[in-house]
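> Structure, please.
(chains A and B)
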There are 2 protein chains.
Amino acid sequence: MTANQKIVLDNRPAVEASLSNFKLVSETMPALQDGQVLVKHHYLSLDPYMRGRMNDSKSYAASQGIGEVMIGGTVGEVVESKHAKYAVGDKVVGMGGWQQYSIVDGNAVGALRKVQDGPIPLSAYLGAVGMPGVTAWYGLLKICEPKAGETVVVNAASGAVGSAVGVLAKSRGCRVVGIAGGAEKCAYVVNELGFDACIDYKAQSDGKSFNAALKAAAPNGIDCFFENVGGWMSDVILARMNAFGRIAVCGMISRYDGASPPLANPAIILVSRLKMQGFIVSEHMEVWPEALKELGGLVASGKLRARESIAEGIENAPEAFLGLLKGRNFGKQLVKLI
Amino acid sequence: MTANQKIVLDNRPAVEASLSNFKLVSETMPALQDGQVLVKHHYLSLDPYMRGRMNDSKSYAASQGIGEVMIGGTVGEVVESKHAKYAVGDKVVGMGGWQQYSIVDGNAVGALRKVQDGPIPLSAYLGAVGMPGVTAWYGLLKICEPKAGETVVVNAASGAVGSAVGVLAKSRGCRVVGIAGGAEKCAYVVNELGFDACIDYKAQSDGKSFNAALKAAAPNGIDCFFENVGGWMSDVILARMNAFGRIAVCGMISRYDGASPPLANPAIILVSRLKMQGFIVSEHMEVWPEALKELGGLVASGKLRARESIAEGIENAPEAFLGLLKGRNFGKQLVKLI
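Below is the predicted model:
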């Protein structure tokens, strides 16, 4: 009998999420039934979308039930199997949730994906070679459709999505400008990821100085904007976009703890003939094989050296998640469970 | 020697445009040079885009020079020709401006387009079978891409663009909901154009009642939104859009006399995975032949019975234009010049 520890949603946040919304629960896993697989998680992925599911309101996914284990992507290994397709020791990616173990129906389509441990490290399957990487790939290539010589701007540039956007855009001959919070993150974006420039929004924290920095970093204007954040900086970015610019709307993190700030001048969409499109990568599973192949190559070759912030132990997942919402992470936020 | 009267931009509006921004000027037209054509205008088109050109600021077109004749589409007849391609009596559409006559270089590509007088009336070439009609065609078919059974919403529905959007969408098997100001306009939209429903925004003038009316008129949600107006009603419309909805941004008339109102909740673009795209029809000349063919057929067959508001005499163009900006017109605003 396997002892499991898990984090469940205990109650919904009134406005800001806090530790009191979560509860650590111990349980004994039931015996496997035919067709099931027991997975021991090595890493749990923490992502901003989880905040939306803590609300009862409309988001782009069903809200999380009270008392249920928090949803989340995991990578781990099969430790017991009653399914012919999976053997003990297989490394698998799935949606195991905020817990140490999960029992998975081996027949459910897409529930588990077998991966190789090396040369790509297991944790990367939750980041650059996983959902965040494919998110970058889809939004950049299918919505922004950048051409060589164009200028691409991405915010949250040191994060799992942003870093992949930048490396993918560079590989297509674009000028890439990142936006990140702090000199350390900006140095990583430019020196390790190869962005052409990075604006530290903490150092350029008013509209005028941010605009001046953006003008200097993108002297030919902006053709593609990969939107991970939202808020007043987006207004400044939109105003600097060239005619026929494309905006992939991937995240508006300022929404997760309350209302979304307005878009100050939507008429710019008409004036500059912009295309602005929201997307969720899980609705475009058809691109995953192609995207994962390219992303795996970029990671294996060292071109995409994604940073990770790693918390230790399932009991520390809530605090790490709250830190993520406040931007305290540097790169992909993970929880190490073994 | 031909006597001409024209309206020039005398000075730029501080905020709201007024009669004092315009000046009526009399002149004698110079003698024609080889290759030139003298056109006597029958009708002048008045359109919201002209307001943007009265400003000195960035719009989607160059601003209008002080002292220059106001720009505008015209339909008329050739009264003198020094170009082999044009004969006296030819009916032509062009950009003759706010004046009785214009001299046109017959060799300039696209400067004049010959049209037939009947069964389509000449004035229709400035409306349903002209720029407004092609605007509707492009935005609806190339950006919204409606499918049979989907719900299309268009505001300024009784106008030249809106009426064509509705008739084109109906012909493709969509449910079409118009938004217009006043019971008379709504009756026309439903009874003469064949829309499925029309919301009188003057009768539903707060967000709650407008939302309730929209819910009743579009019970399956909204798949396509053809945006001619902007402002708070757009926030309500966006919130009622289905996943993967498409928004063609054609006009934000509330901008022309001052600032654009903000978009209250841009996160809806992500939550509902919307595509929002601005466009200007003059940048898509490749679709004009196909669009004009369909629009001409709809007008000739009586399916598209576009309304016109007709002012008389070039001296009354400024007042008619200001009325257009305030929504006083009913259908396409024209000035009759003969």
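
> near chain B, which residues of chain A show up?
A:58-60, A:230, A:234, A:249-252, A:255, A:259-280, A:283 (Cβ under 8 Å from any Cβ of the partner chain). To be clear about C-beta, it is placed using only N, CA and C from the backbone, and glycine gets the same treatment.

> Among those, which are located in strands?
A:249, A:275-278 (DSSP state E).

> Kindly reformat those residues as TSV containing distance to A:A111 and neighbour count.
Below are these laid out as TSV (distance: Cβ to Cβ, whole Å; neighbours: other Cβ atoms under 10 Å in any protein chain shown):
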residue	distance to A:A111	neighbour count
A:V249	28	27
A:K275	35	20
A:M276	34	30
A:Q277	29	24
A:G278	26	28
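
> okay, among these, which ones form the most distant pair?
A:K275 and A:G278 (11.4 Å; Cβ to Cβ).

> Residues in contact with both of these two, list them for me.
By Cβ atoms under 8 Å, 6 or more residues apart in numbering or on different chains, A:K275 and A:G278 have these common neighbours: B:K275.

> ok so, going back, report the buried members of the residues of chain A next to chain B.
A:59-60, A:230, A:234, A:249-252, A:255, A:260-280 (16 or more other Cβ atoms under 10 Å in any protein chain shown).

> shaky segments in the stretch 1-150 of chain A?
For the stretch 1-150 of chain A, the stretches with pLDDT under 70 are A:57-61.

> Please enumerate the strands of it.
Secondary structure of the stretch 1-150 of chain A (DSSP state E, counting those that start in this stretch): strands located at A:3-9, A:22-28, A:36-45, A:74-81, A:91-94, A:101-105, A:112-115.

> which one of those strands is the most hemmed in?
strand A:36-45 (a mean of 24; mean count of other Cβ atoms under 10 Å in any protein chain shown).

> quick one, it and strand A:74-81 angle?
160 degrees (axes from the mean of the first three to the mean of the last three Cα atoms, to 10 degrees).

> Now the lengthiest helix in chain A: buried residues?
Identified as the longest helix of chain A according to DSSP state H is helix A:288-300. Buried residues in helix A:288-300, counted by 16+ other Cβ under 10 Å: A:288, A:291-292, A:294-296, A:298-299.

> again with stretch A:145-157
For stretch A:145-157, by 16+ other Cβ under 10 Å, it's A:146, A:150-157.

> Tell me which other helices or strands the host helix or strand of A:V153 touches.
According to DSSP states H and E, A:V153 maps onto strand A:151-155. Other helices and strands packing on strand A:151-155, by 3 or more Cβ pairs under 8 Å, 6 or more residues apart in numbering or on different chains; DSSP states H and E, are helix A:160-170, strand A:175-180, strand A:222-227, helix A:232-239.

> swap the cut-off to 6 Å and go again
helix A:160-170, strand A:175-180, strand A:222-227 (3 or more Cβ pairs under 6 Å, 6 or more residues apart in numbering or on different chains; DSSP states H and E).

> so who does the spatially closest residue to A:E145 that is not a sequence neighbour touch?
Nearest residue to A:E145, sequence neighbours excluded (Cβ to Cβ, 6 or more residues apart in numbering or on different chains): A:R246, at 6.4 Å. Contact partners of A:R246, counting by Cβ atoms under 6 Å, 6 or more residues apart in numbering or on different chains, are A:144, A:224, A:275.

> related to what we said a few turns ago, may I see the ones in strands among the residues of chain A next to chain B organised as TSV, with pLDDT added?
Shown next, in TSV, are those (pLDDT from 0 to 100):
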residue	pLDDT
A:V249	97
A:K275	98
A:M276	98
A:Q277	98
A:G278	97
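
> neighbours around A:K215, how many?
12 (other Cβ atoms under 10 Å in any protein chain shown).

> who's the residue of the stretch 101-250 of chain A found nearest chain B bridged to?
As assessed by Cβ to the nearest Cβ, chain B sits closest to A:V249 within the stretch 101-250 of chain A, at 4.8 Å. Taking DSSP bridges as the rule, A:V249 bridges to A:E227, A:G278.

> Could you tell me how many residues sit around the residue nearest to A:S282 when sequence neighbours are not counted?
Spatial nearest neighbour of A:S282, chain neighbours left out: A:M131 (7.5 Å); criterion: Cβ to Cβ, 6+ apart. For A:M131, the count of nearby residues is 21 (other Cβ under 10 Å).

> Done for today, thanks.
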